[in-house]
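[1] sequence below, structure please.
(one chain, ligands or ions: 1)
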Amino acid sequence: MAEVRFIADDGSETVLDVQPGNTLMMAAVFDGITAIEGVCGGCLSCATCHVYVDEPWRDRLPAPSRDELRMLAEVAAERRPGSRLSCQIEMREDLAGLVVRTPDRQY
Ligand code: FES
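    Numbering: from 1, shown residues only. Got it, this is the predicted structure:
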């Protein structure tokens, strides 16, 4: 398990232990982080799993695919340099301590 810190728009924090191989979206949805919707279940068709990855972690993640970039153009909240779709972030042991912030809305 590897810890991930989710920081909400209001500053509240939730720390989850995420199983490596699991996506951040799945972990968040199953653990009740309501700021992440994940409506399409991770098949890159909804853009409701938008998160902002904190700066020190961005380069440690695989670059977004062309399909993720296409869907990032559809996010409801402001798109920022750390914007990613959490259904495309697969947890690894070496990502323990990852910090992501959730946007103020997904629609
Ligand atoms: S869950 Fe739908 S695009 Fe990520």
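
[2] switch to C-alpha atoms for all contacts and neighbour counts from now on
    Noted.

[3] grab the most central residue of the chain for me.
    The centroid of the chain falls nearest to Ser86 when counting by CA atoms, centre = their mean (2.8 Å).

[4] going along the chain, name the strands of the protein.
    2-7, 13-18, 50-53, 83-85, 98-101 (DSSP state E).

[5] among these, which is the most enclosed?
    Burial of those is given as mean neighbour count (mean count of other CA atoms under 10 Å); strand 50-53 ranks first at a mean of 27.

[6] coming back round to it: what's the pLDDT at the residue nearest to the centre of the chain?
    The score at Ser86 is 98. That number is its pLDDT.

[7] about what we covered before: got the strands of the chain as JSON lines, with distance to Asp59 columns?
    Below are the strands of the chain laid out as JSON lines (distance: least, CA to CA, whole Å):
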{"stretch": "strand 2-7", "distance to Asp59": "16"}
{"stretch": "strand 13-18", "distance to Asp59": "20"}
{"stretch": "strand 50-53", "distance to Asp59": "10"}
{"stretch": "strand 83-85", "distance to Asp59": "12"}
{"stretch": "strand 98-101", "distance to Asp59": "12"}
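
[8] do you know which of the ones you listed lies nearest Pro64?
    strand 83-85 (7.5 Å; CA to CA).

[9] quickly list what Arg101 is bridged to.
    Taking DSSP bridges, one finds Ile7, Tyr52 as the beta-bridge partners of Arg101.

[10] next one: it from the ligand, what distance?
    Distance of Arg101 to the ligand, computed by CA to the nearest ligand atom, to the nearest Å: 15 Å.

[11] so who does that residue touch?
    Residues in contact with Arg101, defined by CA atoms under 8 Å, 6 or more residues apart in numbering, are 6-9, 51-54.

[12] can you do 7 Å?
    6-8, 51-53 (CA atoms under 7 Å, 6 or more residues apart in numbering).

[13] ok, so of these, who is nearest Ala96?
    Using CA to CA, Phe6 is the member of the contacts of Arg101 that lies nearest Ala96, at 12.5 Å.

[14] which residues touch that closest one?
    Counted by CA under 7 Å, 6+ apart, Phe6 has contacts 13-15, 99-102.

[15] before we move on, what about Ala27?
    Val18.
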